[in-house]
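Student: quick one: sequence and predicted model below, then my questions.
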Amino acid sequence: MGASAEILLKAKEAGLRIKEVPIRINYDVEKPSTHNPISHGLDVVLSIVKHASMTRPLLFYGVPGGIMLVSAAVFWVWTFQIFATTRQILTNIALLAIGTTLFGLILLSTAVMLWVLVSVVREGR
């Protein structure tokens, strides 16, 4: 199921026209389906996510990374304000600040690395 979604996305990128053609299928009603609908749906979603992350890595990873860094700055300011007034560090907020900083930096570096890789591959074509 994921392959069909990826084919449609690539056909759209190539500028091809897509037309729906009705067909008739006669399923054997006595045999139940052996495929799990949840795994089929998850396969489609993961194919679309993979395609989006490869075609627009700066948008896909960079925007969430930037949002994480902005929220990290809020947590850092909050931590320092509490420390300045009480001389205590609230570990919960400090850990949130550290975690969101690291996660934001990881997302931003992933965005840049994938963008460079995708650019190099596209230039090689």
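Tutor: Perfect, I can see it now.

Student: for the longest helix seen in the chain, packing partners?
Tutor: Longest helix in the chain, counting residues (DSSP state H): helix 91-124. Judged by 3 or more Cβ pairs under 8 Å, 6 or more residues apart in numbering; DSSP states H and E, helix 91-124 is in contact with helix 37-55, helix 57, helix 63-86. Any C-beta I mention is one placed from the backbone N, CA and C, and that applies to glycine too.

Student: so where's this protein shaky on pLDDT?
Tutor: Within the chain, the segments meeting pLDDT under 70 span 1-2, 27-34, 125.

Student: what is the burial count for Gly41?
Tutor: Gly41 has 12 neighbours, counted by other Cβ atoms under 10 Å.

Student: so what's the backbone phi/psi at Ile23?
Tutor: Torsion angles at Ile23 (phi, psi; degrees, to the nearest 10) stand at phi -130, psi 170.

Student: could you do Lys19 as well?
Tutor: phi -130, psi 140.

Student: report the inter-axis angle for the longest helix of the chain versus helix 63-86.
Tutor: Orientation of helix 91-124 against helix 63-86 (axes from the mean of the first three to the mean of the last three Cα atoms, to 10 degrees) gives an angle of 160 degrees.
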